[in-house]
Each structure stands twice: as structure tokens, then as C-alpha cells.
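Q: A structural model of the following input is requested.
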Amino acid sequence: MSLQDFITPDRLVLVPGDPGFEDELAGFQTGFTQRPDVVFAARSADDVAAAVAYAAAEELPVGVQATGHGLPDSSEGGVLITTKRMDRVAVDAEARRARVQAGVRWSQVVAAAEPYGLAPLNGSAPGVGAVAYTLGGGLGILAREFGYAADHVHSLDVVTADGRLRHVTPDSDGSDDSELFWGLLGGGANLGVVTELEIGLVPVTRLYGGSLAFDGRAVDPVAALSAYERWTATVPDGLTSSFAAVPCPDVPALPSHLRGRYVVSVRVAYRGADGERLVAPLRGIGPVLSDSLREMPYADSRTIHSDPDFPHAYYGDSAVLSRLDVAAAGELLALTGPDAPSMYVVQINHLGGALAEPRPNAVPHREGRFLVRVLGGVDDPARERLHRALAAVEPWTIGRALNFAFGAGGRTAEGLYDSTTHKRLAGLKSVYDPANLFRRNYDVSVSSRA
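A: Residues are numbered from 1 along each chain as shown. Modelled structure (predicted):
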């Protein structure tokens, strides 16, 4: 069969040289270039199924892109499915659920749920795609209270490598699809193309949150981190927080009080009434550069981290830690601080709480106490220094986080899963994708063919 056999009048299929081909490849990540042979710009699950059927017939790898925050380098020389046109959200307020299509961004779900006094378990950046985020686990701003976003999925619609659209639930009767449900949640896009999720919503209208920032040249960043680590041992499970260290460039896009400064900050999200009392010890770290802590509508929760919303280039990786050794983390901060030859962004998330509760999905490393995330430049020296920084905390590292392994080229599944979870995912791979169509930058098959 030829490509023409999969093209219909209402299906948008692009090849190199076609008008709109380069625009279709564009996404949030600008540091790596995709070069698929064919792009299926999907508007429906049928379009996705056709793309997968074509790829299977031609034995081509398949990549999927919604917002382009994490690029599917498996589409190189193969088929890329873009899902940004699949952007429908439907809220069932009575059931506290929402159905979201593959191209939906979290900002859309937050807006759709807000009129009902509900909220999704979204992350800090409103422009991130809801489906890919959830399949990778989904570490949200209220994660310690409610767990991972993947823990609140009720069903998935997924196209598997045989071109079949399956509706998968934890109780899929008469088949092994309940095991597929387990593997998709935490296994990412390695087993199929999810076209729609049904997710649980939580009753949240307001929260206490924001950022407390300090000048990292006036305050010892390691002492600030040490104070933060001690503080995390005192807070209730319902309080979610992170520590960040960012050398801010001197550019007009930033507020004047942050330009050119090395900013260390603590970000907080909490639904309790005693938030101000709980964060009071953090004010003892030193003179405050900026303070945005306040009670806010949930719709304003995007301001807690104020993640950049413009496309840019970045590479990154992560380490899930059994504990936070402040001396080792200090070495990491020294390697990524303002004296580094290029800019790095460090974030350390406090885990535990509901994140540690076992759930019927493939999200691993629930015993982790902290997650270290480092972003840097895409050139080889910057990437090498980033990995040197993460090596400082290697003795306490139990794994990596799938959603925070950014970039392309040569990455494997090493550290993404414990051995038991990896073996179980490999078994699913052999059943649902034996030809390894879906590679998604890593390979969980028994014998690596990525």
C-alpha cells in the first residue's frame, strides 16, 4: 500500500516540501530538529489509526507531538502524528471527571473545570499538553495532597500498533487491556497513541501559594537549601513545594528586580487555612527579594512558578533521591550556578505524601523523597556539565523521572523504571508493539532496537 491509500479529502497529510510542513513540526522545544518523512496532522482518532496503520505497513517508527515540550525523536525518517487539533474538553461536574483529547493543554482543562469549583491535577506550566504529562506520571502543584495525575485516570482511548482503537479501563473485561491500562500510565507513549483520557477532577477553588525569593549572592544558596530541607520535614502531607535556583539573565522580559540576579526561591501550594503560619520559618533564610505568597483562585496557580511560555531550546534530566544530602546538592548548585559557563535552571521537588501511595499503574520510584531537575543548554559542553552536576547526588539516586528527561539523542530507559516495572512493561511491549513502532526516545523492549 502507498501513502495515497491512507489519504482522504478531509485528512491532512504532509511530506517535506509541502506548504505548512515546517510549521507543523514547530513546537515549544526549539533545540532539536525533527525530520519525519510523513506528518499526519490528526483531527480525530481515525486519523491517528490511519497514521499508525501506514507506519506499520511501511515498518516506520512513529512519534507523537501535541505541544512540543518534549520532542519524539523516534519520528526521524518515519511518521510524526501531531495532535494539536484534537483539543476538545468535556467536563462532567456531577461525576467530577473530564474527558480531554490528545492535543489539549492544561490551561484549557483548568478553565473548563473552574466554573464547577473543580480543578485537574495539572502541573506548573499551563501550556503543557495534558495527555503526555499524565502518561508520564504527572507531578502537579498539589501532588503531595492528591498524588500523581496518572493516579486519577479512569479510562483511556488508545491506538495500538495494530491500528486498533481500544477503550481501556482498569477493569477491561474479556481481554488483557487492563494490563495495558496499567502500562500506559507511567509508561508514556511507548505502547500506543492515546487519543483521549477520562480524568478525575478535585474540589479546589482557592489555595495558598506563591514564591518566596532571595538573592543568591546575598544569601548562601546552600544554607537556603539546608533550611528548606529541614522545613520540609515539618510540613503536612497536603503542602506541596519546591526549591529553585536560577541565574536570571539581564533581559527586559524579566521584572527589573530579578534581572541579572542569581535567584533562589521556594514555591508553595497548599489548600489549608494555616499556610502563612507554615511558611513563616522560611522567611528566616534572609532578606526577601520578592514575595508572592497569598491566597489565590486556583486559576491563578500558574503564577506560583511563572514558567516561561515562549518556545526555546533546552536539554534536561532528573534524579529521584532517597534523601537530600545538602552537601552533595551544594556541589550540584556550584556546577550550575551563576559562575557556570552557560545558564542552568535547578528545581528540587519535595515528594512523599500521596505520591508515595501505591497505585495500579506503572509510575515508579514512589519511595523517593526528593526530585532534582536540571535544565541547561543543548550543546555538548552544557549537557556534559549538567550530567556532572547530577552525578553529585548519584549515591542517593534511585532513578529518573520520565517527564523530566528532556532532549534527544542516545537516551535509554536506564533509571526510568525499577527492574520489576521495566520487566512488566517489556512484556506489554512484546504483546502490543512487537515491531517497536513507538520508541519515544527510550526503549522498554526486552532487546533494545531503538
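
Q: Below-threshold pLDDT in the stretch 101-250 of the chain: ranges please.
A: 172-176 (pLDDT under 70).

Q: Okay, and P358 sits in which element?
A: In this structure, P358 sits in neither a helix nor a strand according to DSSP states H and E.

Q: so it makes contact with P364?
A: No. Look at P358 against P364 with Cβ atoms under 8 Å: they stay out of range, at 11.2 Å. Placement of C-beta: from N, CA and C, glycine included.

Q: More neighbours: which of those two?
A: Using other Cβ atoms under 10 Å as the criterion, P358 and P364 rank with P364 on top: 24 against 8.

Q: What's the per-residue pLDDT of the more buried one here?
A: Note on P364: pLDDT of 97.

Q: Ok, S256 next?
A: For S256, pLDDT reads 77.

Q: so it, which of the three states?
A: Under DSSP: H, G, I helix; E, B strand; the rest coil, the three-state class of S256 is coil.

Q: Pull the number of nearby residues for it.
A: 8.

Q: what stretches of the stretch 301-450 of the chain score poorly on pLDDT?
A: Using pLDDT under 70, the stretch 301-450 of the chain drops low at 407-412, 440-450.

Q: show me where it has strands.
A: In the stretch 301-450 of the chain, the segments counted as strands under DSSP state E, counting those that start in this stretch are 315-321, 345-350, 370-376, 397-399.

Q: Present those as TSV; the columns should include mean neighbour count.
A: Converted to TSV, these look like this (neighbours: other Cβ atoms under 10 Å):
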stretch	mean neighbour count
strand 315-321	24
strand 345-350	24
strand 370-376	24
strand 397-399	18
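
Q: So for L416, which of those strands sits nearest?
A: Minimum separation from L416 across the strands of the stretch 301-450 of the chain (Cβ to Cβ) falls at strand 397-399, 6.6 Å.

Q: which residues sit against that closest one?
A: The contact list for strand 397-399 (Cβ atoms under 8 Å, 6 or more residues apart in numbering) reads 319-322, 364-365, 367-368, 390, 415-418.

Q: Then L289 would be within a helix, right?
A: No. Read with three-state DSSP, L289 is strand and lies in no helix.

Q: OK, contacts around it?
A: With Cβ under 8 Å, 6+ apart, L289 has these contacts: A213, F214, D215, H257, L258, R261, V263.

Q: Now, those residues that are in strands?
A: A213, F214, D215, V263 (DSSP state E).

Q: can you tell me how far the spatially most central residue of the chain sits from L289?
A: In the chain, the residue lying closest to the centroid (Cα atoms, centre = their mean) is N403, at 3.7 Å. To L289, N403 is 29 Å away according to Cβ to Cβ, to the nearest Å.

Q: quick one: contacts for D37?
A: V15, P16, L60, G77, G78, V79.

Q: mind checking the backbone torsions on it?
A: phi -80, psi -30 (degrees, to the nearest 10).

Q: Tell me the confidence at it?
A: D37 is given a pLDDT of 95.

Q: same deal with V266?
A: On pLDDT, V266 comes in at 98.

Q: which residues in the stretch 151-300 of the chain form strands?
A: Under DSSP E, counting those that start in this stretch, the stretch 151-300 of the chain gives strands at 153-159, 165-168, 193-200, 206-215, 240-247, 262-270, 288-291, 294-297.

Q: For S419, give its distance to A329.
A: 27 Å.

Q: Equivalent analysis for G127, please.
A: 29 Å.

Q: Enumerate the beta-bridge partners assigned to Y315.
A: G376 (DSSP bridges).

Q: same deal with L80?
A: Where L80 sits in a bridge, its partners, by DSSP bridges, are V39, G63.

Q: I figured it hits P61, correct?
A: No. In this structure L80 lies outside contact range of P61 using Cβ under 8 Å: 9.6 Å.

Q: Neighbour count: those two, which is higher?
A: Neighbour tally, L80 and P61, criterion other Cβ under 10 Å: the higher count belongs to L80, 27 against 24.

Q: Could I get the contacting residues of that one?
A: L80 neighbours (Cβ under 8 Å, 6+ apart): L25, Q34, P36, V38, V39, F40, V62, G63, V64, Q65, P72.

Q: Pretty sure the second one sits in a helix.
A: No. Assignment of Q34 by three-state DSSP gives coil, placing it outside any helix.

Q: Count the neighbours of it for me.
A: Burial of Q34 is recorded as 22 neighbouring residues (other Cβ under 10 Å).

Q: Look up how far I304 lies from A382.
A: A382 is 27 Å from I304, by Cβ to Cβ.

Q: thinking again about what came up before, just the contacts of strand 397-399: which are in helices?
A: L390 (DSSP state H).

Q: thought the residue nearest to the centre of the chain was touching G140?
A: No. Using Cβ under 8 Å as the test, N403 is too far from G140 to be in contact (10.8 Å).

Q: and stretch 99-117, which residues are buried?
A: 99-110, 112-114, 116 (16 or more other Cβ atoms under 10 Å).

Q: Which of those sits closest to R439?
A: Closest to R439 out of the buried residues of stretch 99-117 is A102 (18.0 Å), distances taken as Cβ to Cβ.

Q: would you list every one of the helices in the stretch 51-200 of the chain?
A: 106-113, 130-135, 143-146, 177-187 (DSSP state H, counting those that start in this stretch).

Q: Give me whichever of the ones you listed is most buried.
A: helix 130-135 (a mean of 28; mean count of other Cβ atoms under 10 Å).

Q: How far away from the center of its chain is it?
A: Chain-centre distance of helix 130-135: 7 Å, with Cα atoms, centre = their mean, to the nearest Å.

Q: chain center to stretch 125-137: distance?
A: Between the centre of stretch 125-137 and the centre of its chain there are 5 Å (Cα atoms, centre = their mean).

Q: what does stretch 181-194 give?
A: 14 Å.

Q: can you tell me the distance between the two ends of it?
A: End-to-end distance of stretch 181-194 (Cα to Cα, to the nearest Å): 11 Å.
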